[in-house]
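Participant: after the sequence you'll find the predicted model.
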Amino acid sequence: MEKMLTSPQIIQLPKILDRRGNLSFFEDDNQIPFAIERAYWIYDVPGGEFRGGHAYRKNEEFIVALSGSFDVVLDDGSEKKTFSLNRSYYGLHVPKMYWREMNNFSTNSLALIVSNTKYNEDDYIRDYNNFCALRKSL
Ligand code: TYD
């Protein structure tokens with residue numbers, strides 16, 4: 001039943017090496033598996049803070065550590081996996097219905113997140129027990 005959902009994965013983005021500085025990119029439905037409706041970024045995170053602590057019913061995300069590093073912990077209701085993002089050319093695809101936390105932010109780290117839906121508080125699941133129950137019913 002679980003297999004009906006896609007699994008999270010790190011996607012390596014193109015890297016155009018140049019002595020003037022490197023360049024990476026992604027495009028809708030090309031390097032990332034959805035069409036982008038929204039972008040937001042997280043910055044100036046104080047040491048020791050964590051973000052997230054929720055899941056989305058429909059929203060999918062693609063997360064890139066543009067600068068610095070941080071960890072994304074994804075939980076499918078029975079198993080937790082930690083993905084460390086520490087290169088500007090790696091992105092993590094987070095499918096819908098994963099409980100996610102972000103922690104271990106390095107000083108001056110910058111997280112870029114693009115997603116396939118506009119911001120909608122109704123799409124959030126903010127109660128972990130509720131999330132586990134919904135997951136089991138999938
Ligand atoms: P939230 O998604 O809970 O942050 P995080 O997962 O990083 O801990 O969002 C924090 C606040 O920002 C919340 O009040 C909603 C608001 N927000 C928007 O208005 N638009 C957005 O696109 C996002 C992601 C959050």
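Facilitator: Perfect, thanks for sending it. Numbers count the residues shown, from 1 in each chain.

Participant: any stretches of this protein with poor pLDDT?
Facilitator: 1-4 (pLDDT under 70).

Participant: which residues of it fall in helices?
Facilitator: Secondary structure of the chain by DSSP state H: the helices cover 128-136.

Participant: can you report phi and psi for the residue of it most remote from its centre?
Facilitator: Here the chain reaches farthest from its C-alpha mean at residue 19, the gap being 30.0 Å by Cα atoms, centre = their mean. With angles defined as degrees, to the nearest 10, residue 19 sits at phi -70, psi -20.

Participant: tell me the contacts of it?
Facilitator: Applying Cβ atoms under 8 Å, 6 or more residues apart in numbering to residue 19 gives no contacts. Bear in mind the C-beta positions are built from the backbone N, C-alpha and C, glycine included.

Participant: cool, and residue 47?
Facilitator: 105, 107.

Participant: against residue 104, how distant is it?
Facilitator: Plainly put, residue 47 is 10 Å away from residue 104 if you go by Cβ to Cβ, to the nearest Å.

Participant: swap in residue 75?
Facilitator: 16 Å.

Participant: partners of the residue nearest the centre of the chain in the sheet?
Facilitator: By Cα atoms, centre = their mean, the chain has its centre lying nearest to residue 63, at 4.0 Å. Beta-bridge partners recorded for residue 63 (DSSP bridges): residue 92, residue 113.

Participant: residues in contact with it?
Facilitator: 72, 85, 91-92, 94, 102, 111-113.

Participant: could I get these as TSV with distance to the ligand?
Facilitator: Formatted as TSV, the contacts of residue 63 follow (distance: Cβ to the nearest ligand atom, whole Å):
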residue	distance to the ligand
72	11
85	14
91	17
92	14
94	11
102	7
111	9
112	12
113	7
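
Participant: now these in CSV, with neighbour count?
Facilitator: Listed next are the contacts of residue 63 as CSV, based on neighbours: other Cβ atoms under 10 Å:
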residue, neighbour count
72, 25
85, 22
91, 25
92, 20
94, 24
102, 23
111, 22
112, 18
113, 17
